[in-house]
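# For reference, the sequence and a predicted model appear below.
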Amino acid sequence: MKNPLDSLWGTVISGLILTLILYNIVRFAMQ
Amino acid sequence: MMMDFLQLGLGRWLHVISGVMWIGLLYYFNFVQVPALAEAGKDGTGAGITKHVAPRALFWFRWAAVATWVFGAMILGINFFDAFLFLKPAYYPIGVGAWLGTIMIFNVWVLIWPNQQKILGMVQATDEEKTKARRVAFLASRTNVMLSIPMLFFMSASGGVFRTAVFG
């Protein structure tokens, strides 16, 4: 599998996915 | 009152100014310089960038990272450990942002800067070491671009009305 960080779009999409994951973890933890 | 102004008012202002310089240069490296050097490699015109631009950009990049972290810690003040150790739910969002920023400054000083010194010829390195340094610095830099996206989300979604709007 290609490393997503080798492309700018792969990097940005990885960042957005990570944001979504962390957002849900923090939102759940704050309840 | 005066202390609040200095810590929270002035501190946040300087945190944002230095943060813009840090992340601005990070985006410059990834969105502009790396693709430009790849193009320049084809016709051998990259020397101007590596000799005159990159060292200056790296100087402001790494010290802006320090300033951003220090002013961020200053804003947190007595709540520093509430954020970093996730002691109070209200500090969870800024805690995540602060940890992401801390991982990023580690990448700058431990992975990017020492390897860039080898790449740019500021310290002695064999061709093999330079090839390895290029890959490590590149991946650390790209990791920071990736981390900057949630980091900026949690920074802007922290504090007062912003946190309430985003996290309820």
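Noted; the coordinates are in hand. Because the structure is predicted, anything quoted here is derived from the model rather than measured.

# got the phi/psi numbers for the residue nearest the centre of chain A?
Centroid-nearest residue in chain A: residue A:18, 1.6 Å away (criterion: Cα atoms, centre = their mean). Dihedral pair for residue A:18: phi -60, psi -40, per degrees, to the nearest 10.

# For residue A:17, pull up the helix or strand it's in.
Under the criterion of DSSP states H and E, residue A:17 resides in helix A:8-30.

# tell me which residues of that helix are tucked away?
A:11-12, A:14-15, A:18-19, A:22-23, A:26 (16 or more other Cβ atoms under 10 Å in any protein chain shown). (Glycine included, C-beta is placed from N, CA and C.)

# pLDDT averaged over that helix, what's the number?
Here helix A:8-30 scores 97 as its mean pLDDT.

# For that helix, enumerate the helices and strands it packs against.
When contacts are defined as 3 or more Cβ pairs under 8 Å, 6 or more residues apart in numbering or on different chains; DSSP states H and E, helix A:8-30 sits against helix B:92-106, helix B:127-156, helix B:160-167.

# distance between stretch B:113-127 and the chain's centre?
Distance of stretch B:113-127 from the chain centroid (Cα atoms, centre = their mean, to the nearest Å) equals 20 Å.

# nope, stretch B:59-78 is what I was after
10 Å.

# mind checking which of the helices and strands packed on helix A:8-30 is nearest chain A?
Within those, the stretch nearest chain A is helix B:127-156; the backing value is 3.0 Å (Cβ to the nearest Cβ).

# Buried residues of the closest one, list them for me.
Neighbour count says helix B:127-156 has B:133, B:136-155 buried, by 16+ other Cβ under 10 Å.

# Same question for stretch B:10-19.
Of the residues in stretch B:10-19, B:11, B:14-15, B:18-19 count as buried by neighbour count, 16+ other Cβ under 10 Å.

# so can I have a markdown table of these showing secondary structure, distance to chain A and pLDDT?
Converted to a markdown table, the buried residues of stretch B:10-19 look like this (DSSP: H, G, I helix; E, B strand; the rest coil; distance: Cβ to the nearest Cβ, whole Å; pLDDT from 0 to 100):
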| residue | secondary structure | distance to chain A | pLDDT |
| --- | --- | --- | --- |
| B:11 | helix | 23 | 95 |
| B:14 | helix | 25 | 98 |
| B:15 | helix | 20 | 98 |
| B:18 | helix | 21 | 98 |
| B:19 | helix | 16 | 98 |
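
# I'd like those as TSV, with distance to residue B:160 appended.
Formatted as TSV, the buried residues of stretch B:10-19 follow (distance: Cβ to Cβ, whole Å):
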residue	distance to residue B:160
B:11	15
B:14	19
B:15	16
B:18	22
B:19	19
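
# What is the most widely separated pair among these?
B:11 and B:19 (11.9 Å; Cβ to Cβ).

# Now do the contacts for the closest residue to chain B within chain A.
Using Cβ to the nearest Cβ, residue A:15 is the residue of chain A that sits closest to chain B, at 3.0 Å. By Cβ atoms under 8 Å, 6 or more residues apart in numbering or on different chains, the contact set of residue A:15 is B:145-150.
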